[in-house]
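# Below is the sequence, then the predicted model.
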Amino acid sequence: MSTDFVFSPHAAASLPVAGTDARFPVRRVYCVGRNYAGHAREMGSDPDREPPFFFTKPGDADAVIAVAPGSTAELPFPSQTNNFHYECELVVAIGKGGANIAVADAASHIFGYAVGFDMTRRDLQGKMKDAGRPWEIGKAFDFSAPVGVLHPAAQVAGIENAAITLAVDGATKQSSHITHLIWSISETIANLSTLFALQPGDLIFSGTPEGVGAVQRGQVMVGHIDGLTDISVKYV
Ligand code: MN
């Protein structure tokens, strides 16, 4: 007998997986703050003294937007912001859960990788930061986490050395390498898993390099990481 709900259950977010028609069902979205020295500095922090810290975005289909390859996703520009920022990030998808994962074992928990944007209402985030309040209104709004095709880890060579770039209307704004992560992917998984039991379906936005900035309505943002599928997104 099927369960009788008082209204239809919300659709879960999922991502396409390269090389298969099967999709990756998303559970939670964890994000690492200030994980590149250059970005920590541009946000007014000392990159040398901070352990990793985390925030979350919703894992539902309102926030996590699967961006189809070869086209530009057109998303609604968010409300209540005059300083809407892009942050291009390597997204790590968890395929095997665990708590207190050792750094040496962390790679075995990775399903794959994608390019994602941790879109941010920077003005609202700043107000909340100044007041010592949570960041949700700056980070966890609808359409705040566009993500591209997931590439299974076994099919991606050398992600730890990959270049990561973001361009707005063809002009490069962010350009770095995954090698510049303060906390490596494995260290991030290990640390995060001491705080939350990770589960298959979790996504980790690993942090953005320097060069974040505002995007205007209609401007096309292209995110690139070597070895992965680019994403192209505009907010209108
Ligand atoms: Mn970020």
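Okay, I see it.
# Could you check which residue of the chain lies nearest the ion?
Asp118 (3.5 Å; CB to the ion). For glycine as for every other residue, the C-beta is placed from the backbone atoms N, C-alpha and C.
# Tell me which stretches of this structure form helices.
All helices of the chain, identified by DSSP state H, fall at 37-42, 122-130, 136-139, 185-195.
# ok now the longest one, how far from the chain's centre?
Meaning helix 185-195. 15 Å (CA atoms, centre = their mean, to the nearest Å).
# Could you pull up the residues touching Thr120?
Applying CB atoms under 8 Å, 6 or more residues apart in numbering, we find Thr120 in contact with Phe84, His85, Tyr86, Glu87, Gly138, Lys139, Ser144, Val212.
# let's see 6 Å
His85, Gly138, Lys139 (CB atoms under 6 Å, 6 or more residues apart in numbering).
# so it bridges to which residues?
Counting by DSSP bridges, Thr120 is bridged to His85.
# How about Ser14?
Pro25.
# So what's the residue count around it?
Taking other CB atoms under 10 Å as the criterion, the count of residues near Ser14 is 16.
# OK, contacts around the most centrally placed residue in the chain?
The centroid of the chain falls nearest to Phe205 when counting by CA atoms, centre = their mean (3.3 Å). Shown in contact with Phe205 (CB under 6 Å, 6+ apart): Cys31, Glu89, Val91, Gly116, Asp118.
# would you list these in CSV and tack on neighbour count and pLDDT?
Shown next, in CSV, are those (neighbours: other CB atoms under 10 Å; pLDDT from 0 to 100):
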residue, neighbour count, pLDDT
Cys31, 26, 98
Glu89, 28, 98
Val91, 25, 98
Gly116, 33, 98
Asp118, 25, 98
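# So what touches the least confident helix or strand in the chain by mean pLDDT?
One helix or strand of the chain scores below all others by mean pLDDT, DSSP states H and E: helix 37-42, with a mean of 88. With contacts defined as CB under 6 Å, 6+ apart, helix 37-42 is touched by Arg34, Pro47, Thr208, Pro209, Glu210.
# Quick check: the residue of the chain closest to the ion vs Ala107, distance?
Distance of Asp118 to Ala107, given as CB to CB, to the nearest Å: 23 Å.
# ok so, going back, and the least confident helix or strand of the chain, anywhere near the ion?
No: on the criterion CB under 5 Å from the ion, helix 37-42 is out of touch with the ion, staying 8.1 Å away.
# Give me the below-cutoff pLDDT ranges for this structure.
Applying pLDDT under 70 to the chain picks out residues 1, 49.
# cutoff 80 now
1, 48-50 (pLDDT under 80).
# What residues does it have near the ion?
Contacts of the chain with the ion, taken as CB under 5 Å from the ion, map to Glu87, Asp118, Thr208.
# ok now do the last one, which residues does it touch?
What it means is Thr208. Thr208 touches His39, Glu87, Cys88, Glu89, counting by CB under 6 Å, 6+ apart.
# Can you give me the neighbour number for the first one?
Taking other CB under 10 Å as the neighbour definition, His39 ends up with a count of 23.
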